[in-house]
Structures are given as structure tokens and as C-alpha cells.
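J.: sharing a sequence plus its predicted fold:
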Amino acid sequence: MSKDDIILEEATSGEYKYGFTTNIEQDIAEIGLNEDVVRFISAKKNEPQWLLDYRLKAFAIWQKMDEPNWAHVKYSKPDFQRISYYASSKEKKKLNSLDEADPELLRTYEKLGIPIEEQKMLAGVAVDFVMDSESVFTSFKKQLAEVGIIFMSISEAVQEHPELVKKFMGTVIPPRDNFYAALNSAVFSDGSFVYIPKGVRCPMELSTYFRINAENTGQFERTLIIAEEDSYVSYLEGCTAPQRDENQLHAAIVELIAMDRAEIKYSTVQNWYPGDKNGKGGIFNFVTKRGLCQGVSSKISWTQVETGSAVTWKYPSCILKGDHSIGEFYSVAVTNNYQQADTGTKMIHIGKNTRSRIVSKGISAGHSENSYRGLVQINKTAENAYNFSQCDSMLMGETCGAHTFPYLEIKNKTAKVEHEATTSKIGEDQLFYCNQRGLGDEEAVHLIVNGFCKEVFKELPMEFAVEAQKLLEISLEGSVG
Amino acid sequence: MLKIENLKASIDNKEILKGLNLEVKPGEIHAIMGPNGTGKSTLANVITGRDVYEISDGSIQFTNEDLLELDPDERARLGIFLAFQYPVEIPGVTTTNFMKAAINERRRHQDKEPMKASEFLKMMKEKMKLVDIDQKFMSRSLNEGFSGGEKKRNEIFQMAMLEPKLAILDETDSGLDIDALKIVSNGVNQLRNKDNAFIIITHYQRLLDYIVPDFVHVMYDGRIVKSGDKELAKELEAKGYDWIKEEQAV
Ligand SMILES: Nc1ncnc2c1ncn2[C@@H]1O[C@H](COP(=O)(O)OP(=O)(O)OP(=O)(O)O)[C@@H](O)[C@H]1O
Ligand SMILES: [Mg+2]
């Protein structure tokens, strides 16, 4: 093994730092999945009949579907009858300030390096903590209400704004969309609901920290964001999970809807437990995220930094229906040890003069497999559509893999599509150059990797970008500190 | 400051440095000349600790430290700087960020706080002026798409920022136009003081009109075979290397 291989191995063999469990009492559904469990979940949440019907219909669809296996990942399929489909933190009462929160919870956030003190001062960041399935805490809600913005857990929204939820839920991702979407639609636990009224620019970044907590609990978050005409919102989603042995399933749905001239910016930093050095344990992350640019000149941007999970299957997509609408996808996906990621996007052009931009940066280390899978579809109706795609891969060492699967479907001759792809390695010459300026091997690797990801990081809101860099370093580091 | 004794280094079992001796004292400027492929860059790489060489014999002392025991980044932090013959591109990392990282890493090892942004900017401005480099290079990716001359000038800028005790310039003059050559030389002359030293590897005596060396060495076949003052460079310019080769053949 040459020196740079050793360096890379050291620099990429960091143990998962956020592996700890919070002791908060859970209310857990019986193990396994059948119609009764679906009814149990719905009843627990006091849901109206239409929603129970929606769940039951989805469950019936799911039962007839097979788990997809086209992705470039290998794993032993979860046994869906051995998962508990509902866990809610017993802490139900709403809090007015952080002082009222469970000290155990506060400690969790401290360990994650999100100082509560700072959060309070971080004026402009409303935080809706989702502890396991149940929303525990919502802040800044009042301030948002003043401009007519609704930001609450989706369970609350079902109670307080049933007409909005009923109107929009499942319109972008219907239950039959795919296996995991059907499953989620049947058993979704909780998530966020955001509604931005006409002409309102959301005055702060909306942020949710997701965290999987209950042992052996499938996670089925559901998020729905609606931006009415001429509105704007930036939404941040971040998550970490405690270390454990058993594979955990996560199958979320995120639906975004942008009306005329509305803009939604959705940023994710994902750091779920990736499994240990030998590939044992870790989260299965099968997510369906899709945005609908419904209105003219609307815009949806997905920015994601993916460092965690044992197996990731995730394609945040945009349906560009409104004329002149814009879809963007910026992604950094890091895989290490035995992680597998198959991620990318779909840009579906329907409206005239629609534009899309894809920037994907994959970093693979250890024995991991990192695939980009992207579809650019230009439909007959999409006159003068334009897409630019750039997919760069960086390999660290000899034992990992990077793959690119770009698909193009063009049904309109006026389309213009550009695609660029590169694969690189951190060279001995680059490392030596950095060393010669006084940077140690780890610092050098961080610097080079951060440079590689820069185009994506600059799309993230400031605080999030810093956090993302930190996560990237943690997931690639060996023995810092 | 620097003392190299009987240094032998090889790569892929091919011996390149074959028993090289060199001593550099504070305040001195040494020029090293010699035909292509005689091991000048190899010497620079071995001093700075590039790991691809096998050191079979000899020693390198720097300010009483045994350099061969140290990693390249440790050597750099002791104050050894190499202006590369072929500077490397690092996409996405700006010169500003690169310098910030380099300076703060030094400070971290001295248990100092990171440099204040205002102080850093002031320093950048000063040094940019010294080597007459445009602001726009600071926010571009390091060396990416820089012309040959721009890369060299950027190396000298980095040298000015890091204020090394010993700077090795490996053919920094190659590829520079006359004006750039003057500016770079001027920069070196301004940075020069009684406590630091320079080793300047060059093929052209022209540079030595601007940076006047205390010693000129001729390197041939992995050794320093002749040393003199700046007149030696002029002699080489006039006569080429054949007479040296002949001397060696005898
Ligand atoms: N990786 C390598 N493998 C094999 N030989 C090498 C390697 N690197 C350098 N060499 C050889 O070592 C010798 C010395 O090279 P070096 O770059 O030190 O020469 P130099 O004196 O700097 O030449 P120039 O004036 O052209 O810059 C050359 O013959 C070169 O081909
Ligand atoms: Mg050379």
C-alpha cells in the first residue's frame, strides 16, 4: 500500500461520532403490519375518516407491490413484519420555551453540537424538532402566524387545517408511485407541514431536525410544503441517529408544490448511522422527494448533503409543469466503509421554456459504492427546454466504486441538454503540495474534498453550510482530536 | 541553518542523488544550476520530504533538527518553503482559503488562536502588493486555469505570506516575462534578511542579475561538482556545461 493509500484509509475510517441513544419513554405499536396497525395509527392520531381511508387504500396498493431492485445497491431486504410502525414520545405537552423541554432531549442536541443557547439566539431559525415520529416542539410559530404562514407538524395540520392537507397531500406523490411511497402513505407517522400564503416571503429559514430514536422502529416521515403565488420559503432538514446494531428502515415522503412565481428551496443534511466499519447495522434510507412547479415561473431547488445511512435510495425530483419554471438539484453524497448510495434526480420538463440544472458530487471511500442516477425527460409540450447536468465523482483509495447512470428522454426537438462528467482521485501531488504548506494529511484531505464540493455548499444557507462541512469531515476523518 | 551531508536518494531503484553535500547559512542566497535531469528538483523534493524517494545514505540537518525524521508538513512548519517548478491545481479551493488554512494550521501547532479576519486581510493586501498580484487571483481556485507565469507569481505570493526561514525556488523564473521576473526578484529581495536563506534553482544567469547569489553551485549527475560566486554563473552562460562534463569524465 503506498503512502497516500494509507493516508486516505486513515482519513476515511472515522467511527460514527453521533452514536448515542436518548432515554425518552416511547409509545410503540405492536410489531408487524396489517390493516389493524394502520387503523391503530390513525386512531392514535385522532384522524378524520378520509385520512383513514387514504391510509387503507395505500395499504391495499402496497400489498400488491414488490420492493424495487433496479438500484445499484445490495442489502438484505427488511422484514416488514418485524418492524414497529408507530412510536411516539410520551412528552406530549407543547412547550413555550426551551427551558420546558426534557433535559435529556437538550443533552441530545448538545451532543450533536447544536448548542441550545445558540439556537435561541439564532433569531430567524424556527425549529420544529421531530423526535421520532411525533413532533415534540415547535417554536417561532406565533411569529410566523402573524404573516399567515402555517408551520406545524402534519398531524397538527390534519386537525387544524384539514382542508389544506386533504387538497394537496398525495397530489405530487400518489401512494401508487412506488413501493416505499405506498408504505409511507399507509403508515406515515409525522413530519412537517408548511403553508406560505400568496405574496409572503418567509422571514426566516424553517428548520426541522429529524432524529430516529426508538429501537427497531420504522420511520415514516411525511412532509408537505405549499408555496402560494409569489411566495418564497427556504426549508432545512437535518438529521442524525443513534448508533445501533439492527438495520432501521426509513421511508419518508416529501412533497413540494410551488404556484405561480413561487420559490421553494429545500436543503437537507443527512447523517444517519451508516453502519460500522464492517458494514454491520446502519439505516436504510428509501426516500421519495418530489417537487411540483405547478405555476408559471415557479422554482424549486433541492440541495442535499448525504453522509449517512447504510443504504440510500433517494431521488429528489422536479416536475416542471408551469411555463418558464426552474428545477435545480445540488447534491453531495459521501460513502465510506460499506455504505451504498444510489441517488440522483429526475427533471421532468412539461411546460415551455422550462430549465433545470443538476450538480452532483459523489465521494466514495473504503469499500463503498456510490451511484448517481439521473433522468432528464423533455416532453413533447416542453418547447425550448434546457438542462445542464454535471456529475463529478471522487474516489479515495482502490476499493470503492463510483457509477453514473444518466438517462435522457427527449421528445421535443427544441430541447437543449448538456452533460458533463468527471472522475478524479486525490493525487499524491495535491497532498504533497498541501503538506508543503504545513497542512497535515487530514487537513489536506478536508481542504481538497471541500473544494470539490464547493458548488453545492454554496447553495446551502450559511449555518447549514458550516454544519455540512463539519459532517463531511467527520464522515471522512480518522483520528482527529 | 541547513546542512546536507553525503545525501543519496533513489526512485524506483534508480539512484538520482549520489552523495550530495551542501551547507546554507542564515542570510545567504545559493543558486543551483545544472543540466536537465541531474537531480535539482529531486533535491528540493527530498529536502521538503516528498515521500516517493528512498533515502539510502546521508543526513539533512535544519536548525538542529534531523529533517529526515520529520513529515513534510512538519518540515514546512519549521519554516521550509518550496516554490514548485510545477504548481498543483486544487479545484474549488481559493488562494485565500488555502493561505488561511496554512497560516491557521501553523498557529494551531503553536497553540495560538486562528488569525483574526481583519489581520489576515491586511496581511494579504500587503503581500499582494509586494508581488504585484491582482486581487482576482485570490478568489479563483488555486492555480486552476492560471497561466504558467501566474502560477509562479502565486508561489512567490504564498512564500511572502508564510515568511519561511528557508525558501527553495525551483525554476521560478522559467516562464516569467521580463516584467514579472523583475517583480518576483524584487519580492525576493525585499523578503531577504539576515535570518533567512534562499536556494534558487535556475537555468538562466539572467535571474541572478536581479537576485545576486552569494554562491553558485553546479549540479551534475546527482552531486554538486563545482561551486563559486556569481561569476561562475556567467561562465556557465558563456560556455555551457560541456567543460564541466569533461572535467567529471576525467
Ligand atoms: N518518478 C520517477 N521515476 C523514475 N525516474 C524519475 C522519477 N522522477 C524523477 N526521475 C528522474 O530523476 C532524474 C532527476 O530528475 P529531476 O526532476 O530532479 O531533474 P532536474 O535537475 O530538476 O531537471 P530539470 O532541469 O529538467 O528540471 C531524471 O532523470 C528523472 O527522469
Ligand atoms: Mg527540475
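T.: Alright, I've got the coordinates. Ligands and ions are numbered 1, 2, ... in the order given.
J.: can you find the helix or strand of chain B with the lowest average pLDDT?
T.: Least confident helix or strand, chain B: helix B:242-249 with a mean of 85, by mean pLDDT, DSSP states H and E.
J.: quick one: residues contacting B:Met109.
T.: No, residue B:109 isn't Met; it's His. Neighbouring residues of B:His109 by Cβ atoms under 8 Å, 6 or more residues apart in numbering or on different chains: B:Arg77. C-beta here means a position set from N, CA and C on the backbone, and glycine is covered the same way.
J.: from B:Asp73, how far off is it?
T.: Separation of B:His109 from B:Asp73 (Cβ to Cβ, to the nearest Å) stands at 9 Å.
J.: find the closest residue to ligand 1 in chain A.
T.: A:Glu428 (10.4 Å; Cβ to the nearest ligand atom).
J.: shouldn't that residue be in contact with B:Val88?
T.: No - counting by Cβ atoms under 8 Å, B:Val88 is not a contact partner of A:Glu428; they are 10.0 Å apart.
J.: okay, and the common contacts of these two?
T.: Between them, A:Glu428 and B:Val88 share no contacting residue, judged by Cβ under 8 Å, 6+ apart.
J.: please report how far the residue of chain A closest to ligand 1 lies from A:Gly344.
T.: According to Cβ to Cβ, A:Glu428 and A:Gly344 sit 31 Å apart.
J.: for A:Gly275, give me the pLDDT.
T.: What the model reports as pLDDT for A:Gly275 is 71.
J.: any idea how far the residue nearest to it when sequence neighbours are not counted lies from chain B?
T.: Nearest residue to A:Gly275 in three dimensions, chain neighbours excluded: A:Gly282, at 2.9 Å (Cβ to Cβ, 6 or more residues apart in numbering or on different chains). A:Gly282 sits 29 Å away from chain B, going by Cβ to the nearest Cβ, to the nearest Å.
J.: elements contacting the host helix or strand of B:Gly149?
T.: According to DSSP states H and E, B:Gly149 maps onto helix B:148-162. Here helix B:148-162 touches strand B:80-83, helix B:95-109, helix B:117-130, strand B:166-170, helix B:178-191, going by 3 or more Cβ pairs under 8 Å, 6 or more residues apart in numbering or on different chains; DSSP states H and E.
J.: 7 Å instead?
T.: Judged by 3 or more Cβ pairs under 7 Å, 6 or more residues apart in numbering or on different chains; DSSP states H and E, helix B:148-162 is in contact with strand B:80-83, helix B:95-109, helix B:117-130, helix B:178-191.
J.: tell me the angle it makes with helix B:95-109.
T.: Helix B:148-162 and helix B:95-109 are oriented at 30 degrees to each other (axes from the mean of the first three to the mean of the last three Cα atoms, to 10 degrees).
J.: quick check: mean pLDDT of helix B:148-162?
T.: For helix B:148-162, mean pLDDT rounds to 93.
J.: same check, this time on stretch B:89-105
T.: Averaging pLDDT along stretch B:89-105 yields 94.
J.: ditto for stretch B:199-217
T.: 94.
J.: just the CA coordinates of it, formatted as PDB?
T.: In PDB, the C-alpha atoms belonging to stretch B:199-217 read as follows (Å, rounded to 0.1, in the frame of the first residue of the first chain):
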ATOM      1  CA  ILE B 199      18.100  28.200  -2.600                       C
ATOM      2  CA  ILE B 200      17.400  29.300  -6.100                       C
ATOM      3  CA  ILE B 201      17.300  26.600  -8.800                       C
ATOM      4  CA  THR B 202      17.600  28.200 -12.200                       C
ATOM      5  CA  HIS B 203      18.900  27.600 -15.800                       C
ATOM      6  CA  TYR B 204      19.400  31.300 -16.500                       C
ATOM      7  CA  GLN B 205      22.000  33.600 -15.200                       C
ATOM      8  CA  ARG B 206      19.700  36.500 -16.100                       C
ATOM      9  CA  LEU B 207      17.700  35.900 -12.800                       C
ATOM     10  CA  LEU B 208      21.000  36.200 -10.900                       C
ATOM     11  CA  ASP B 209      21.400  39.800 -12.200                       C
ATOM     12  CA  TYR B 210      18.400  40.600 -10.100                       C
ATOM     13  CA  ILE B 211      18.800  38.300  -7.200                       C
ATOM     14  CA  VAL B 212      22.500  38.300  -6.500                       C
ATOM     15  CA  PRO B 213      23.600  35.000  -5.100                       C
ATOM     16  CA  ASP B 214      26.400  34.500  -2.500                       C
ATOM     17  CA  PHE B 215      27.200  31.100  -4.000                       C
ATOM     18  CA  VAL B 216      26.600  29.400  -7.300                       C
ATOM     19  CA  HIS B 217      26.700  25.600  -7.400                       C
END
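J.: is chain A within reach of it?
T.: No - using Cβ under 7 Å from any Cβ of the partner chain, stretch B:199-217 never reaches chain A; the gap is at least 14.4 Å.
J.: so the closest residue to ligand 2 within chain B versus B:Gln85, what's the distance?
T.: Using Cβ to the ion, the closest approach of chain B to ligand 2 is made by B:Ser41 at 3.1 Å. To B:Gln85, B:Ser41 is 6 Å away according to Cβ to Cβ.
J.: in space, what's closest to A:Thr288 - neighbours in sequence excluded?
T.: That would be A:Ala181: by Cβ to Cβ, 6+ apart, it lies 4.6 Å from A:Thr288.
J.: can you give me the offset of the helix or strand containing the one you found from its chain's centre?
T.: For A:Ala181, the enclosing helix or strand under DSSP H and E is helix A:179-187. Chain-centre distance of helix A:179-187: 17 Å, with Cα atoms, centre = their mean, to the nearest Å.
J.: quick check: phi and psi at the residue of chain A closest to ligand 1.
T.: Main-chain dihedrals, A:Glu428, degrees, to the nearest 10: phi -60, psi -40.
J.: centroid residue for chain B?
T.: For chain B, the residue nearest the mean C-alpha position is B:Ile168 (1.8 Å; Cα atoms, centre = their mean).
J.: show me the shaky parts of chain B.
T.: Low-confidence regions of chain B, defined by pLDDT under 70, span residues B:250.
J.: for ligand 1, what are the nearby residues on it?
T.: Residues of chain B found near ligand 1 (Cβ under 6 Å from any ligand atom) are B:Ile11, B:Asp12, B:Lys14, B:Ile16, B:Asn36, B:Gly37, B:Thr38, B:Gly39, B:Lys40, B:Ser41, B:Thr42, B:Gln85.
J.: state the distance from the third one to B:Ile201.
T.: Here the criterion is Cβ to Cβ. By it, B:Lys14 lies 20 Å from B:Ile201.
J.: neighbour count: those two, which is higher?
T.: For B:Lys14 and B:Ile201, the more surrounded residue by other Cβ atoms under 10 Å in any protein chain shown is B:Ile201, and the numbers stand at 24 against 7.
J.: you'd agree the more buried one is up against B:Gly34?
T.: No - B:Ile201 sits out of contact with B:Gly34 when judged by Cβ atoms under 7 Å, with a separation of 8.6 Å.
J.: quick check: neighbours shared by the two?
T.: Here B:Ile201 and B:Gly34 have B:Lys40 as joint contacts, going by Cβ atoms under 7 Å, 6 or more residues apart in numbering or on different chains.
J.: give me the pLDDT for the nearest residue to A:Glu455 once chain neighbours are set aside.
T.: Residue nearest to A:Glu455 in three dimensions, not counting chain neighbours: A:Val359, with 5.4 Å by Cβ to Cβ, 6+ apart. A:Val359 carries a pLDDT value of 96.
J.: quick check: neighbours of the helix or strand containing A:Val359 in the sheet, parallel or antiparallel?
T.: Under the criterion of DSSP H and E, A:Val359 resides in strand A:355-364. Paired strands of strand A:355-364, with direction, are strand A:326-335 (parallel), strand A:386-395 (parallel) (DSSP bridges).
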